[in-house]
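1. Sharing a model that was predicted from the sequence below.
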Amino acid sequence: MDKSMFVQSHTPFAEMTDLHDKTILVAGGDGDKCASVARGYGFKHVVTPADIVTAHPEIWPFAKVFKDYYQSFANPLPKPIDPANKADSLKIDAMFVYNDPRDWGLDASIILDLLLSERGILGTLSAKNGDSSLPNNGYLQDSQPHLYYSNPDLWWAASYHLPRLGQGGFREAFAGLWAASTGNAKLDHHKTVMGKPYQPTYEFAERLLRKYRKNLYSSVGLNDPLRRVYMIGDNPESDIRGANNYQSPYGSVWRSCLVETGVYAGGEPPEGARPDVISKDVGEAVRWALKDAGWRA
């Protein structure tokens, strides 16, 4: 099966070719897996929080317990953290949270440092911060790096019998930290949240679906454009809300099916996240979709 048939929450990052030659921070995930994915997408200069704390342990003194873990996969920094020599100090051009951070304290501290920095130079503080004569009291007015989240999900289903906090939990916690540190300065225009239920992620998925379908049909001499898509998911707030709200630029119709094998624990889904049908599992959902589309069993 072609890997292009799989879309993860961070897959749309690959389209940000204007950042491929820039230095980016990639946070989240186990080991250096997310950094490797970013390099596979074409980003040439990837730095992780593990790289930073291994080179400069003083940046987060509570990371000692993870020292051996970080050292097992950390890479040398392209430049040191040297605010006295800004021209030759580590500068980050964009920040990406690819997956749920494992060390919230370290990742949050570095992201906060960069949002308060001068032009993304780690170890600096912008002189504009707190200046009431500037928009947003001077915060985020000094070319700080943009922050991208790949996934808004607050909860996800794991082996524990109750849902666990996901990347959305880190995002909400960081929002509180930002508000407390800046006196409620605005952050929304300096961050982008991808993943479900947001429009850009669904557009990306549909482009791949259409490309795959076109190649498949053209190989047998047919031309049958995509007209209907079925979204099967276990999370009403992400999977179902996203499908319900999605406005296809191609005119396709999306239908939603909620399965009872993950985050959803029964009851009436919230307004706007109510599916076309609720199925006990994926198999039942697929059978419903085939029947709805007019396929014969």
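-> Nice, thanks for sending it over.

2. In contact with the residue nearest to V263 when sequence neighbours are not counted, which residues?
-> Distances taken as Cβ to Cβ, 6 or more residues apart in numbering put N235 closest to V263, at 4.3 Å, once the chain neighbours are dropped. In this view, the C-beta of every residue, glycine as well, is placed from N, C-alpha and C. N235 sits next to 153, 155-156, 196, 262-264 when contact means Cβ atoms under 8 Å, 6 or more residues apart in numbering.

3. can you put these in a markdown table and add pLDDT and neighbour count?
-> Formatted as a markdown table, the contacts of N235 follow (pLDDT from 0 to 100; neighbours: other Cβ atoms under 10 Å):
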| residue | pLDDT | neighbour count |
| --- | --- | --- |
| D153 | 84 | 22 |
| W155 | 86 | 17 |
| W156 | 84 | 19 |
| K196 | 86 | 22 |
| G262 | 83 | 17 |
| V263 | 83 | 22 |
| Y264 | 86 | 22 |
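
4. ok, those vs A84, which is closest?
-> Set against A84, the nearest of those by Cβ to Cβ is D153 (41.4 Å).

5. Would you mind pulling the contact partners of stretch 274-290?
-> The contact list for stretch 274-290, computed with Cβ under 8 Å, 6+ apart, reads 230, 232, 236, 240, 243-244, 255-261, 264, 268-269, 297.

6. For it, buried residues please.
-> 275-279, 284-285, 288-289 (16 or more other Cβ atoms under 10 Å).

7. now stretch 149-164
-> Buried residues in stretch 149-164, counting neighbours by 16+ other Cβ under 10 Å, are found at 149-157, 163.

8. Now, those residues that are in strands?
-> Using DSSP state E, 149, 155-156 are the members of the buried residues of stretch 149-164 that sit in strands.

9. I'd like those residues as a markdown table, with distance to W178 appended.
-> A markdown table is the format used below for these (distance: Cβ to Cβ, whole Å):
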| residue | distance to W178 |
| --- | --- |
| Y149 | 13 |
| W155 | 22 |
| W156 | 23 |
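
10. and stretch 134-150, how far apart are its ends?
-> For stretch 134-150, the separation between the terminal residues is 30 Å (Cα to Cα, to the nearest Å).

11. Oops, could you answer that again for stretch 269-277 instead?
-> 11 Å.

12. before we move on, what about stretch 36-49?
-> End-to-end distance for stretch 36-49, by Cα to Cα: 14 Å.

13. which residues touch that stretch?
-> Here stretch 36-49 makes contact (Cβ under 8 Å, 6+ apart) with 10, 13-14, 17, 19-27, 32, 34-35, 74-75, 77-78, 90, 92, 96, 98, 103, 106-107, 110.

14. ditto for stretch 154-162
-> 163-166, 168-169, 172, 234-235, 237, 262-263.

15. The same query, at a cut-off of 10 Å, please.
-> 100, 163-172, 234-235, 237-238, 261-265 (Cβ atoms under 10 Å, 6 or more residues apart in numbering).

16. Check the gap between P200 and N129 for me.
-> Computed as Cβ to Cβ, to the nearest Å, the P200 to N129 distance reads 30 Å.
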